[in-house]
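Asker: Show me how the following folds:
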Amino acid sequence: MSYQEKKTIVSLFSAILVFGIYCWFVYLRYSEMSLEGGELLRFWGAVMLILVPVTMVARMILEIIFIIINRLSTKELPPRFADELDKIIEWKATRIAFFVFILGFLIAMGSLVLHATLTSMFVILLASGFVSEVAGILWRLYLFRKGV
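Answerer: Alright, predicted model coming up:
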């Protein structure tokens, strides 16, 4: 298994782990509150804004741990540069992730048109961000295994 494939698998597990733990904490906090109107919007705005740095920091820490463990176990150095194949695979995976997120965004906005609650819209938006990330990672893994 190549270094890129191992890194992609670790990225998939870290995305699932970080998002799952974050959603658990949001659920616990949301279930303790009874929010309406502006308070509800502030709550979901904070949830969205906090998700970005939490995810970035946690994923960086997990990637550093992966690099250390991989180096100790295989004595393999991470590649110093990305070749053209890596760049093409990354571009195609990013494109798939964007398409999935836009579809989720349209579904979230459609839920408002169908008179769903604001909470439903924000949950759909969060889920579409997660699903788009997982779709991009899985597509990247598929392309690394299959080739372009």
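
Asker: For Phe81, which three-state class applies?
Answerer: Judged by DSSP: H, G, I helix; E, B strand; the rest coil, the three-state class of Phe81 is coil.

Asker: And the pLDDT for it?
Answerer: For Phe81, the model assigns a pLDDT of 76.

Asker: Tell me, how many residues neighbour Thr8?
Answerer: Residues near Thr8, counting by other Cβ atoms under 10 Å, number 23. Placement of C-beta: from N, CA and C, glycine included.

Asker: One more: Ser128?
Answerer: Neighbours of Ser128 using other Cβ under 10 Å come to 19.

Asker: Likewise for the one 3 residues further on?
Answerer: Neighbourhood size, Val131 [other Cβ under 10 Å]: 16.

Asker: Now do the contacts for Gly136.
Answerer: 93-94, 96-97, 100 (Cβ atoms under 8 Å, 6 or more residues apart in numbering).

Asker: measure it to Phe99 for me?
Answerer: Gly136 sits 10 Å away from Phe99, going by Cβ to Cβ, to the nearest Å.

Asker: before we move on, back to that, output the contacts of Gly136 as TSV; include the columns distance to Arg59, neighbour count and secondary structure.
Answerer: As requested, the contacts of Gly136 are exported to TSV (distance: Cβ to Cβ, whole Å; neighbours: other Cβ atoms under 10 Å; DSSP: H, G, I helix; E, B strand; the rest coil):
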residue	distance to Arg59	neighbour count	secondary structure
Ala93	16	21	helix
Thr94	16	14	helix
Ile96	19	19	helix
Ala97	15	21	helix
Val100	19	19	helix
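
Asker: now, which of those residues sits nearest Pro53?
Answerer: Closest approach to Pro53 among these (Cβ to Cβ): Ala97, at 19.6 Å.

Asker: so what's the closest one closest to, chain neighbours aside?
Answerer: In this structure, Ala97 finds its nearest non-sequential neighbour in Gly136, 3.1 Å apart by Cβ to Cβ, 6 or more residues apart in numbering.
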